[in-house]
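Novice: task: produce atomic coordinates for the following.
(2 chains)
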Amino acid sequence: MNRRRILAGIISAGLLGLGALFLPSFHKTPEPASPSLQPLAPSPSETVNSRAESEPPVIPAPVVVAKAASRPPAPQSPAGLPDIDPHKAFGSKNAPVIMEVFSDYQCPACKTLFTTTNRRLMDDYVTSGKVYLIHRDFPLPMHAHSRVAARYARAAAQLGKVEPVEQALFQNQEKWEQSGDVDGTVAAVLSAAEMNRVRALVKGGTLDASIDKDYALGQTYRVNQTPTTVFHSKGQTYPYPGVMTYDILKQFLDQLLSQK
Amino acid sequence: MMQSSPLNARRAIIWIGRLVLAGIFIYAGYAKLTMGMHPRPPMGVALSFFALQVDSYQILPTLGVNFVAHTLPFAEIILGLLLLLGVGLRIWATLVTVIMLGFFAAVVRSYALGLQINCGCFATPEPLTINTVFRDGALVALALLMTIFAFLEARKPHPWSAPEKVST
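Specialist: Just a heads-up that it's a prediction; the model follows:
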């Protein structure tokens, strides 16, 4: 009796195995970054006050369906990653692990990631040269002010003031989300002269091209929510949507770093 | 003694349940270990990446997350194979049902809380949506039916074993 049942089981397993060969993920290769990169320079890391650990748990991030977009060809680089704004990249460009964080200043989950995880990540991995952290703009269309915030942050980045501005934008997210007063939020952490330069850059209208490049890059990774972090290590790409607890992220990074 | 037919609705559901759930469990376990990548990433990387997904449900402490992440993929593959073999079906079907109920509860909770997270069910990124809830609900129903029918059928003589017993 049991022999027949075992035989039937083995035949079923064989059929399932054959069926599995047709499943798409058996043939899927890691998504390569569509490549091009500008010369990089480690960004100065300013101290950001960590609100961190006591932050409430993850708040949902909105989802947007990725649309097909025309992607302008960009120059190739040895690192294989395109259009890196050196003012929005932190750490050593030769780090064994690269993290691209696609983020939206108006997204609550991005705020959580920024306030709970990023500070410790910077201290433990980025400044020590283990991780190269790249901030990518992915302003979701459903957020009325996120693109404006991204413009201000990019403008501030050109002045080397991205960290205080990002901190101000995330920590006061609920306020400017309601009022739309991105300008006032940024002005609170910059000097009058800096703010004038930032306003001029924002009005200049040249920042949208960089934001659009980041957005288009996100679409090549099939980013459909923020935050999404794309890890690169040893030629492989690991996209992860959502917020990460630092302790669990640390384990993953340690595993990536221990690869030979 | 009443001769039970080898083909009835209960047995059909048990077979469907075994095949479907075994296939899904084996595939899910395999996908978690390989992340659907070629070449396969090191197992430590795959398991710690899966831990990120388990953690995103915000249910377990770090120790629990690590325990689940490092045991679940193997448990899924082993349980899938045991379901296929059919030996000790009632035990493994019960275990699979308990695990499926756990998955379902986690998915429903996350959906109800509005967490925009990745399901983590298979290798491919899959946002947790109402479709995930329905899919898991259907699989739980199948697992429950399979288990209940496996217990009920175990009370009867097996249709394939009866003739053998008579002839010897």
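Novice: rest of the way, CA atoms for contacts and neighbours
Specialist: OK.
Novice: next, residue A:134: phi, psi?
Specialist: Backbone torsions for residue A:134, taken as degrees, to the nearest 10, come to phi -120, psi 130.
Novice: so how many other residues sit close to the closest residue to chain A within chain B?
Specialist: Nearest residue of chain B to chain A (C-alpha to the nearest C-alpha) works out as residue B:85 at 4.5 Å. Residue B:85 is flanked by 22 other residues according to other C-alpha atoms under 10 Å in any protein chain shown.
Novice: look up how far residue B:18 lies from it.
Specialist: 9 Å (C-alpha to C-alpha, to the nearest Å).
Novice: can you tell me how far residue A:186 is from residue A:204?
Specialist: Distance from residue A:186 to residue A:204, by C-alpha to C-alpha: 17 Å.
Novice: in terms of pLDDT, where does residue B:163 sit?
Specialist: As summarised for this prediction, residue B:163 has a pLDDT of 56.
Novice: equivalent analysis for residue A:60, please.
Specialist: pLDDT, residue A:60: 38.
Novice: do the same with residue B:17
Specialist: Residue B:17 is assigned a pLDDT of 95 by the prediction.
Novice: in this structure it contacts residue B:146, no?
Specialist: Yes. Residue B:17 is within contact range of residue B:146, at 5.6 Å (criterion: C-alpha atoms under 8 Å).
Novice: who has more neighbours, those two?
Specialist: residue B:146 (27 against 23).
Novice: so for the helix or strand where that one lies, what gets flagged as buried?
Specialist: Residue B:146 is part of helix B:130-154, with elements assigned from DSSP states H and E. By neighbour count on 16 or more other C-alpha atoms under 10 Å in any protein chain shown, the buried set for helix B:130-154 is B:132-133, B:136-137, B:139-151.
Novice: how long is stretch B:37-47 from one end to the other?
Specialist: Termini of stretch B:37-47 sit 13 Å apart (C-alpha to C-alpha).
Novice: and it, anywhere near chain A?
Specialist: Yes. Using C-alpha under 8 Å from any C-alpha of the partner chain, stretch B:37-47 reaches chain A at B:37-39, B:42, B:44-45.
Novice: which regions of chain B sit below the pLDDT cut-off?
Specialist: Judged against pLDDT under 70, the low-scoring parts of chain B cover residues B:1-6, B:123, B:158-168.
Novice: which residues of it fall in helices?
Specialist: Along chain B, counting by DSSP state H, helices occupy B:9-34, B:43-56, B:62-85, B:89-113, B:130-154, B:161-167.
Novice: which of the ones you listed sits closest to residue A:243?
Specialist: helix B:43-56 (7.0 Å; C-alpha to C-alpha).
Novice: now that closest one: how far from the chain's centre is it?
Specialist: Relative to the chain's own centre, helix B:43-56 is displaced by 19 Å; criterion: C-alpha atoms, centre = their mean, to the nearest Å.
Novice: quick check: angle from that helix to helix B:62-85?
Specialist: Here helix B:43-56 points in a direction 110 degrees away from that of helix B:62-85 (axes from the mean of the first three to the mean of the last three C-alpha atoms, to 10 degrees).
Novice: ok, residue A:204 to chain B distance?
Specialist: Distance check for residue A:204 against chain B: by C-alpha to the nearest C-alpha, to the nearest Å, it reads 36 Å.
Novice: contact partners for that residue?
Specialist: For residue A:204, no contacting residues are found, by C-alpha atoms under 8 Å, 6 or more residues apart in numbering or on different chains.
Novice: okay but residue B:119 is in contact with residue B:128, surely?
Specialist: Yes. Here residue B:119 reaches residue B:128: they are 4.8 Å apart, a contact under C-alpha under 8 Å.
Novice: what touches both of those two?
Specialist: Common neighbours of residue B:119 and residue B:128 (C-alpha under 8 Å, 6+ apart) are residue B:107.
Novice: just to revisit the earlier point, among the helices of chain B, which is nearest residue A:239?
Specialist: Here helix B:43-56 is closest among the helices of chain B (C-alpha to C-alpha), at 9.9 Å.
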